[in-house]
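> pasting the sequence and the predicted model now:
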Amino acid sequence: MAKKKKEVDDRFKKFGIVSFTAITKVNDFVGYLEQGKVMGTQCKGCGKKYFPPRADCFHCLDSNMEWFEVSGTGKLVTYSQLQYAPLGFEADLPYCIALLDYGDYKVFGRIAKDIPEQDLQLGMEMKTEVVKHPNGQLSYQFTKA
């Protein structure tokens, strides 16, 4: 009798402009991006929310997590325009990275390229949206609310 080969869930290789990992415990994150949803995880034990999503809670060490959708608007806490980029991102320069505060969790990501840096104001309302890159990769970005 032949052994059944175990399938590898490598959906995470589709995340980001350049993916540095193909396998993670939170591969469903990419499935949600394909559905147009940006998701985080929340610990069922203590209620702590995480973005990027985690499979395990560092607060109470529970692994009983559930998904929640990043929706509504967050406030721009900080941003920085990058003039130098890591390997694979050089063609995107310059671009802005930022942190949005959604109240009980924060989201780190990139600001949409069509928003000029001079239009950014700390405290401004922004939303997190899925973006599909020309090469088929999936990610998310911040846009004006």
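Nice, I can see it. Numbers count the residues shown, from 1 in each chain.
> just so I have it, where are all the strands in the chain?
Counting by DSSP state E, the chain has strands at residues 39-43, 49-50, 65-69, 74-82, 95-101, 106-111, 125-132, 138-144.
> out of these, which is the most enclosed?
Mean neighbour counts were compared across those using mean count of other Cβ atoms under 10 Å; the top stretch is strand 39-43, at a mean of 22. For glycine as for every other residue, the C-beta is placed from the backbone atoms N, C-alpha and C.
> ok now that one, how far from the chain's centre?
Its chain's C-alpha centre and that of strand 39-43 lie 12 Å apart, by Cα atoms, centre = their mean, to the nearest Å.
> how far off strand 65-69 does that strand point, in degrees?
Per axes from the mean of the first three to the mean of the last three Cα atoms, to 10 degrees, the angle that strand 39-43 makes with strand 65-69 is 140 degrees.
> now for strand 39-43, which elements pack on it?
With contacts taken as 3 or more Cβ pairs under 8 Å, 6 or more residues apart in numbering; DSSP states H and E, strand 39-43 sits against helix 28-34, strand 49-50, strand 65-69.
> next, format the ones you listed as TSV and append distance to Val8 and mean pLDDT.
Shown next, in TSV, are the helices and strands packed on strand 39-43 (distance: least, Cβ to Cβ, whole Å; pLDDT from 0 to 100):
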stretch	distance to Val8	mean pLDDT
helix 28-34	14	92
strand 49-50	24	96
strand 65-69	21	96
